[in-house]
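*Asks:* sequence plus predicted model, see below.
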Amino acid sequence: MASLLNTHDTLDNGWQRLQQQWRAACDRWNDPVSRRFEREYWQEYERLLPATMQEMQKLAEVIAQARRAVK
Amino acid sequence: MSSSAHVQSIQALEELKGALGRFSGEAQEALGAAEQEIRRTLDWLQERLNHWQNEVRRRQEEVRQATEALRRCQASGYSDRDGHYHAPDCSAYERALRQAQARLEEAERELRNVQHWTRQVEQAAGDYHVQARRLQQLATTENQKAQAFLERAIGDLERYMAVAPPPVSGMAASSMPTPAAIAHSAAPGFTWAERMAVLKRWEAGEPITSEELQRLQKPITDLQEGTVAADESWLNQILESERYMEAMRDSREAADLRDAVQAALEAINYWRSKL
């Protein structure tokens, strides 16, 4: 349980850092190319990372319950 | 956009590209660690399953033996000479059988419990894997494509800085599309005939749309050695035309066109140096 939760937190921290870097880039890079990058690449990150971490969290909870329930 | 703004953009893109590279490693490491945890859990559940299956078999045997012992005890009663039957005291055997049955029920319950949680973990792992596979793809192939995109954008900005004309007083510099913007614009390029058609329309006093302005610059990205001279000649014709001189006085459209033409000429010079 602790292991998968740690993994979740590590991924979450990495994602937070990447989001910060993207916001910093947007402050200095705002043209049709940046919008195309956002549309073709960045939006997929925004869609996929929260969904993956949510499933990882659910899995961690199920594993924790199993560890407690199974003798 | 000023040169310093381009430098900042290049720096921002390089930092973002670096961050993407780092995140790719972090994501793949996290996915690998999660996979190991799933494997460890499923292995542990399988070990528990085997344990309780063995326990069920072992305790079934205990019940069978206790049942047999009780049967033997019950069969040990006898009738005396008077015909009175003397039943044996088998209470200890009955107690042993009840205990064996309780232990068997416990093992069967634990076996069902392991099977239940194995299904739960497999279901949750399956749901997770759907997302994890997509993230794996994003963190590897798509991440590399994103970095390559940024690399090209950085290259375009650097080339633009190498050929960009110095800022002109009063020019709407921020509206001037960068080579990067042109190269990645969704607008398709013009053929030579199409460019001439737009030029003639413009010379006839008809308005040019912003998309056409963008497309006028688009062919710069696919200049061919054989058309450089013609392109340059055409652009110079525009700069020398009466229509251009007249429009330069107060027209925003002309300012945009001037930006486009000057950027195009600079780009041609750059490309000529590469041919």
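*Replies:* In hand now; what should we look at? These numbers were taken from a predicted model, which means no experiment stands behind them.
*Asks:* separation between residue A:3 and residue B:56?
*Replies:* Distance of residue A:3 to residue B:56, computed by C-beta to C-beta, to the nearest Å: 31 Å. Backbone N, C-alpha and C define where each C-beta goes, glycine included.
*Asks:* skipping its backbone neighbours, what lies nearest residue B:194 in space?
*Replies:* Nearest non-adjacent residue to residue B:194, counting by C-beta to C-beta, 6 or more residues apart in numbering or on different chains: residue B:215, 7.9 Å away.
*Asks:* give me the pLDDT for the one you found.
*Replies:* Looking at residue B:215, its pLDDT stands at 72.
*Asks:* for whichever helix or strand residue A:64 is part of, what is the average pLDDT?
*Replies:* In the assignment (DSSP states H and E), residue A:64 maps to helix A:43-69. What helix A:43-69 shows for mean pLDDT is 96.
*Asks:* report whether that helix contacts chain B.
*Replies:* Yes - counting by C-beta under 8 Å from any C-beta of the partner chain, contacts between helix A:43-69 and chain B involve A:44-45, A:48-49, A:51-52, A:55-56, A:58-59, A:62-63, A:65-67, A:69.
*Asks:* elements contacting that helix?
*Replies:* helix A:2-28, helix B:3-74, helix B:91-137 (3 or more C-beta pairs under 8 Å, 6 or more residues apart in numbering or on different chains; DSSP states H and E).
*Asks:* check which helices and strands the second one sits against.
*Replies:* For helix B:3-74, the contact count by 3+ C-beta pairs under 8 Å, 6+ apart identifies helix A:2-28, helix A:43-69, helix B:91-137, helix B:143-163 as packing neighbours.
*Asks:* quick one: neighbours of residue 48, just the number.
*Replies:* As the question left the chain open, I've gone with chain A. By other C-beta atoms under 10 Å in any protein chain shown, 19 other residues sit near residue A:48.
*Asks:* hm, I was asking about chain B
*Replies:* 20.
*Asks:* which residues does the residue most central in space within chain A contact?
*Replies:* Closest residue to the average C-alpha location of chain A: residue A:49 at 3.4 Å, with C-alpha atoms, centre = their mean. Contacts of residue A:49 were listed using C-beta atoms under 8 Å, 6 or more residues apart in numbering or on different chains, and they are A:11, A:15, B:135.
*Asks:* let me know the closest of these to residue A:21.
*Replies:* Comparing the contacts of residue A:49 against residue A:21 with C-beta to C-beta places residue A:15 closest, at 10.7 Å.
*Asks:* higher neighbour count, residue A:3 and residue B:56?
*Replies:* Shown here are residue A:3 and residue B:56; by other C-beta under 10 Å, residue B:56 has more neighbours (18 against 15).
*Asks:* show me chain B divided up by domain.
*Replies:* For chain B, the structural domains run B:3-163, B:173-274, going by automatic domain parsing.
*Asks:* which one of the ones you listed lies closest to residue A:40?
*Replies:* domain B:3-163 (7.4 Å).
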